[in-house]
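Colleague: Fold the stuff below for me.
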Amino acid sequence: MKLRTFLKAHNYYKDYVENLRFSPIYHNTFLLAISTVSYYFYFMDNQLSRKEIYDVKDILAELIPLTEEAMGKFRSARNWGFFDILGGGFLTDLIKHSQLGSARDIMSRINILLGDLQRELKDIVIPTDFNMSSASFATFADFVFDGFLADVYMQSKIMSSLNQVEELHRRLVILDDKMNQLLARC
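Modeller: Numbers count the residues shown, from 1 in each chain. The predicted structure follows:
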């Protein structure tokens, strides 16, 4: 019976991933992995032990607050970026990049925890190379050229990173809810 359930879930999972290829989310591999994790657990709820669920929940208990903290840093950098576009100066750039540096440190910790989550969810591949989308040249240009175009370019990178972290947070909360449901069934 368990083998039949596993094969059925595996086939549904493959169909689901195939259908996702044509959606806009497919191009962001991390978001694809998190969405497939949620779907996979929907079908594999009888296959997980209580200990495995608690281990995943422990990792999620660390990940979710870290993503909230990263969102706060990116929002602060975004706000300073708007001020910079309107005519801020060197001091504004320093504060904005300080916030981005803090966000980068948090994202490094998130990457480590995503690796731990991947080890706990052995059958699911979760990319653990989630990085901010800002290049060192963009930072250099933001300080040296400090003009409207450099500020707008940097702001677009900040907004992109913020959107990705918000989506990551949303998916982790969904995964946590799924784990709570599985725990209630065990």
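Colleague: For stretch 107-125, what does the pLDDT average out to?
Modeller: Averaged across stretch 107-125, the pLDDT comes to 83.
Colleague: hang on, I meant stretch 58-70
Modeller: Stretch 58-70 comes out at a mean pLDDT of 96.
Colleague: Quick check: buried residues in that stretch?
Modeller: Using 16 or more other CB atoms under 10 Å as the test for burial, stretch 58-70 gives 59-60, 63-64, 66-67, 69-70. Just so you know, the C-beta spots here come from the backbone N, C-alpha and C atoms, and that holds for glycine as well.
Colleague: could I get that stretch in PDB with only the CA atoms?
Modeller: The C-alpha coordinates for stretch 58-70 follow below in PDB (Å, rounded to 0.1, in the frame of the first residue of the first chain):
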ATOM      1  CA  ASP A  58      13.000  23.500  13.900                       C
ATOM      2  CA  ILE A  59      14.700  24.700  10.800                       C
ATOM      3  CA  LEU A  60      11.700  26.600   9.700                       C
ATOM      4  CA  ALA A  61      11.500  28.200  13.100                       C
ATOM      5  CA  GLU A  62      14.900  29.700  12.400                       C
ATOM      6  CA  LEU A  63      14.300  30.400   8.700                       C
ATOM      7  CA  ILE A  64      11.100  32.400   9.000                       C
ATOM      8  CA  PRO A  65      12.300  35.000  11.400                       C
ATOM      9  CA  LEU A  66      15.500  35.400   9.400                       C
ATOM     10  CA  THR A  67      13.500  36.100   6.200                       C
ATOM     11  CA  GLU A  68      11.500  38.700   8.200                       C
ATOM     12  CA  GLU A  69      14.700  40.300   9.300                       C
ATOM     13  CA  ALA A  70      16.100  40.300   5.800                       C
END
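Colleague: Assess the claim that residue 113 and residue 63 are in contact.
Modeller: Yes - using CB atoms under 8 Å, residue 113 is in contact with residue 63, at 5.0 Å.
Colleague: Tell me which other helices or strands the top helix by length along the chain touches.
Modeller: Ranked by number of residues, the top helix in the chain under DSSP state H is helix 148-185. Applying 3 or more CB pairs under 8 Å, 6 or more residues apart in numbering; DSSP states H and E, one finds that helix 148-185 contacts helix 29-43, helix 50-85, helix 90-120, helix 136-144.
Colleague: Repeat the analysis, applying 7 Å as the threshold.
Modeller: Secondary-structure packing of helix 148-185 (3 or more CB pairs under 7 Å, 6 or more residues apart in numbering; DSSP states H and E): helix 29-43, helix 50-85, helix 136-144.
Colleague: That's all I had, so thanks and see you.
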